[in-house]
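> sequence and predicted structure are below.
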Amino acid sequence: MPLTLACSLGLAVLLNQKIFGRNFFRTVAFFPYVASLVAVAVVWNMIFNPEFGPVNMILYELGIDPKNLPGWAADSDWAMVTIIMFSVWKMMGYFMVIYLAGLQGISGELYEAAEIDGANAWQKFWRITLPPARPDDVLRLGHADHPVLQGLRPDLHDHAGRSGNLHAGAGLSHLQRSLHFLGPGLFEHGRSGPVPPRSHHHHRPVPLGRGQRRGYRMTATAFKRPKRRIKWGLILTYVAAIVVTVTMLAPFVWMLSASLKLDRDVFAFPIEWIPSEPRWRNYIDIWTKIPLGLFVYNTAKLTIIVTVLQLLTSSFAAYAFAKLRFPYRNTLFLAYIATIAMPWQVYMVPQFLLMRELGLSNTHLALICLQAFTAFGVFLMRQFYMSIPNELCEAARIDGMSEYGIWWRIMLPLSMPALSTLTIFTFVTTWNDFLGPLIYLTKTELKTIQIGIRMFITQYSQEYGLIMAASVVALVPVLLVFLALQRFFVEGIASTGVKG
């Protein structure tokens with residue numbers, strides 16, 4: 001977990017910069033999280049196969065002795081390393097979004113001012129992105145005399161001729177940085193002559209412009225524009241973003257490529273990323289080998305019903321906790337939210353026994369009832385509702401609108417970012433759920449696509465092309481939903497306070 005959090009923070013800082021294609025890089029980084037756990041686990045198992053997996057093939061081509069090649073998941077010495085690598089790759093995008101939400105609260109002007117004042121990348125990260133606990137230490141790289149930016153430029157000093165307002169703007173050093181030749185008498189009253197000449201430059205007076213105080217003149221000099229410097233930091237940022245993108249996308253591209261190949265060509269090396277003769281029939285055969293259509297229908301049915309119910313119950317309960325006053329409101333909310341900290345494995349058996357006593361074992365209704373309510377969704381929506389002014393609700397009550405009307409006509413239309421965020425989380429979690437259907441559903445006609453893929457792998461373990469085709473089919477719906485709603489995603493996380 002510490003490694004995942006550290007990598008996620010670094011990725012969030014990297015993709016919080018204003019670079020071309022930033023949204024694309026963010027979307028790609030989040031792909032592994034929304035992908036089916038069963039599908040990506042199968043892909044990783046094949047890629048890291050110790051005998052004929054592409055990773056070991058590449059290591060062999062690099063000159064590593066076959067006897068020294070790692071056994072990955074099949075080797076007790078490498079199994080933990082493989083699991084850690086997979087966990088970091090799978091979860092890094094999720095925590096990246098949480099960190100990005102926190103970074104949204106930091107004004108971009110602070111970074112721009114710090115860059116103008118000469119702060120390097122590490123100083124901006126340490127002093128702005130991770131500010132010290134003491135508020136007066138924020139942005140303090142030199143001295144703390146400056147009331148706005150805490151003096152990022154220690155070489156700037158107040159001048160007796162400046163007004164108080166100009167003193168407060170001393171740290172806005174873009175004038176001093178761009179017009180570095182301005183003399184000390186810049187703001188002296190009545191001074192309009194040129195500054196002392198510098199070597200080989202022609203000087204001419206330049207007025208401050210309209211609105212300047214009478215008697216104030218500034219001077220500047222025509223100078224040659226300096227040559228553009230190579231921005232190595234920006235280059236390294238793009239290189240890192242591209243490396244992360246390739247790392248995140250490579251398993252999916254390999255999966256798609258393998259789904260269009262014959263079984264004997266899946267592990268051919270060097271890898272043929274674009275098959276010369278694509279075998280599209282794999283996507284036809286997969287529907288006949290197992291009842292894949294039925295599995296997709298069952299999964300879609302459960303996912304849509306659970307998602308709609310969670311949106312309704314979470315938003316309605318969150319409205320009560322955020323905008324209504326009743327006894328023990330905060331105590332009830334705290335007790336309800338505390339259930340998030342309880343692992344599902346703790347109450348998994350009691351839930352199963354309860355569903356069996358109610359006669360819901362081996363039915364979809366059991367999964368729907370268990371997943372229709374979520375403490376995380378209530379917390380997410382409640383935090384968003386807290387940011388909506390109470391005056392809107394008070395005005396609606398004065399106009400005679402009921403609480404149901406306020407929730408339906410005011411709160412929900414204003415909550416699209418939070419609702420989109422909750423939709424993505426719920427849809428992805430329900431569609432990719434493996435243990436729930438495995439425990440409660442034993443009949444083939446009730447199974448979901450995750451159980452179906454696992455069943456297919458057990459029966460046709462050597463049909464690599466078909467396995468990859470089934471995995472691609474399982475990925476498509478969640479990726480489509482995420483792409484449709486991802487523009488609201490980071491905004492919804494940031495506005496709900498999930499960042500902490």
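In hand now; what should we look at? Being a predicted model, the structure only gives us computed values, none of them experimental.
> how many residues are close by Y238?
15 (other C-beta atoms under 10 Å). Where you see a C-beta, it was placed from the backbone N, CA and C, and this is true even at glycine.
> what helix or strand is it on?
helix 232-258 (DSSP states H and E).
> mind listing what's buried in that helix?
For helix 232-258, burial by neighbour count (16 or more other C-beta atoms under 10 Å) applies to 237, 241, 244-245, 248, 250-252, 254-258.
> same question for stretch 270-286.
Buried residues in stretch 270-286 (16+ other C-beta under 10 Å): 279, 282-283, 286.
> residue boundaries of the strands in the stretch 201-350 of the chain?
203-206, 218-221 (DSSP state E, counting those that start in this stretch).
> buried sites along stretch 470-477?
In stretch 470-477, counting by 16+ other C-beta under 10 Å, buried: 470-475, 477.
> columns pLDDT, secondary structure and distance to L37 on top of these, output as CSV?
Formatted as CSV, the buried residues of stretch 470-477 follow (pLDDT from 0 to 100; DSSP: H, G, I helix; E, B strand; the rest coil; distance: C-beta to C-beta, whole Å):
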residue, pLDDT, secondary structure, distance to L37
A470, 90, helix, 14
S471, 89, helix, 11
V472, 91, helix, 15
V473, 90, helix, 15
A474, 89, helix, 10
L475, 89, helix, 11
P477, 88, helix, 15
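> which member of these is positioned nearest N56?
Lowest distance from N56 to the buried residues of stretch 470-477 (C-beta to C-beta) belongs to S471, with 21.0 Å.
> just give the closest residue to the closest one, not the sequence neighbours.
A39 (3.7 Å; C-beta to C-beta, 6 or more residues apart in numbering).
> roughly how far does the one you found sit from V296?
With distances taken as C-beta to C-beta, to the nearest Å, A39 is found 13 Å from V296.
> same question, L358
28 Å.
> more neighbours: A39 and V296, which one.
Under the criterion of other C-beta under 10 Å, the comparison of A39 against V296 puts A39 first, with 25 against 18.
> show me what contacts that one?
255, 453, 470-472, 474-475 (C-beta atoms under 8 Å, 6 or more residues apart in numbering).
> quick one: which two of those residues are the most distant?
Checking the contacts of A39 with C-beta to C-beta, the most distant pair is M255 and I453, at 12.3 Å.
> list residues touching both of those two?
Counting by C-beta under 8 Å, 6+ apart, the residues touching both M255 and I453 are 39, 471.
> ok, the most centrally placed residue in the chain to A335 distance?
Nearest to the mean C-alpha position of the chain, by C-alpha atoms, centre = their mean, lies V97 at 2.2 Å. Per C-beta to C-beta, V97 is found 28 Å from A335.
> show me which of the buried residues of stretch 470-477 is closest to F376.
Nearest member of those to F376, counting by C-beta to C-beta, is P477, at 21.5 Å.
> shouldn't K289 be in contact with G465?
No. Judged on C-beta atoms under 8 Å, K289 makes no contact with G465 at a distance of 11.4 Å.
> neighbour count: those two, which is higher?
The neighbour comparison of K289 against G465 (other C-beta under 10 Å) goes to G465, with 22 against 14.
> sorry, back to before: possible to save the buried residues of stretch 270-286 as TSV with distance to F321 and pLDDT?
Converted to TSV, the buried residues of stretch 270-286 look like this (distance: C-beta to C-beta, whole Å; pLDDT from 0 to 100):
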residue	distance to F321	pLDDT
R279	54	90
N282	50	91
Y283	47	92
I286	46	89
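> just to be sure, which of those are found in helices?
282-283, 286 (DSSP state H).
> make JSON lines from the residues you listed and add distance to I83 to it.
Output for those, formatted as JSON lines (distance: C-beta to C-beta, whole Å):
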{"residue": "N282", "distance to I83": "29"}
{"residue": "Y283", "distance to I83": "31"}
{"residue": "I286", "distance to I83": "29"}
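> re the thing from before, name the residues contacting each of A39 and V296.
With C-beta under 8 Å, 6+ apart, A39 and V296 have no common neighbours.
> what about stretch 325-333, start to end distance?
By C-alpha to C-alpha, to the nearest Å, the extent of stretch 325-333 from end to end equals 12 Å.
> what about that stretch, average pLDDT?
Average pLDDT, stretch 325-333: 92.
> circling back to that earlier point, looking at the contacts of A39, which one is closest to M416?
For the contacts of A39, the nearest to M416 is L475 (25.8 Å; C-beta to C-beta).
> correct me, but the closest one touches S36?
Yes. Assessed by C-beta under 8 Å, L475 is found in contact with S36 at 5.9 Å.
> and for the two, which residues touch both?
By C-beta under 8 Å, 6+ apart, no residue touches both L475 and S36.
> coming back round to it: now the buried residues of helix 232-258 in CSV, with distance to F482 and pLDDT?
Below are the buried residues of helix 232-258 laid out as CSV (distance: C-beta to C-beta, whole Å; pLDDT from 0 to 100):
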residue, distance to F482, pLDDT
T237, 25, 88
A241, 19, 92
V244, 18, 93
T245, 16, 92
M248, 14, 93
A250, 19, 92
P251, 17, 91
F252, 13, 92
W254, 20, 92
M255, 17, 92
L256, 17, 93
S257, 22, 93
A258, 23, 92
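> quick one: low-confidence parts of the stretch 351-500 of the chain?
Counting by pLDDT under 70, the ranges of the stretch 351-500 of the chain that qualify are 488-500.
> at which residues are the helices of it located?
364-371, 375-386, 390-398, 403-406, 412-414, 416-431, 435-440, 449-459, 464-496 (DSSP state H, counting those that start in this stretch).
> what's the second one in contact with?
Think helix 375-386. By C-beta under 8 Å, 6+ apart, helix 375-386 touches 310-311, 313-315, 317-319, 321-323, 333, 336-337, 339-340, 411, 415, 417-419, 421-422, 425-426, 492, 495-498.
> how far away from the center of its chain is stretch 347-356?
34 Å (C-alpha atoms, centre = their mean, to the nearest Å).
> one more: stretch 423-437?
18 Å.
> ok, and for that stretch, which residues are buried?
423-434, 436-437.
> return the alpha-carbon coordinates of that stretch using PDB.
Presented in PDB, the C-alpha positions along stretch 423-437 are these (Å, rounded to 0.1, in the frame of the first residue of the first chain):
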ATOM      1  CA  THR A 423     -22.400   6.000 -11.100                       C
ATOM      2  CA  ILE A 424     -18.800   5.100 -12.200                       C
ATOM      3  CA  PHE A 425     -17.900   3.600  -8.900                       C
ATOM      4  CA  THR A 426     -21.100   1.600  -8.500                       C
ATOM      5  CA  PHE A 427     -21.200   0.400 -12.100                       C
ATOM      6  CA  VAL A 428     -17.600  -0.700 -12.100                       C
ATOM      7  CA  THR A 429     -17.900  -2.400  -8.700                       C
ATOM      8  CA  THR A 430     -21.100  -4.300  -9.600                       C
ATOM      9  CA  TRP A 431     -20.000  -5.300 -13.100                       C
ATOM     10  CA  ASN A 432     -16.600  -6.500 -11.900                       C
ATOM     11  CA  ASP A 433     -18.000  -8.300  -8.700                       C
ATOM     12  CA  PHE A 434     -16.700 -11.800  -8.500                       C
ATOM     13  CA  LEU A 435     -17.000 -13.000  -4.900                       C
ATOM     14  CA  GLY A 436     -20.700 -12.000  -4.500                       C
ATOM     15  CA  PRO A 437     -22.000 -14.000  -7.500                       C
END
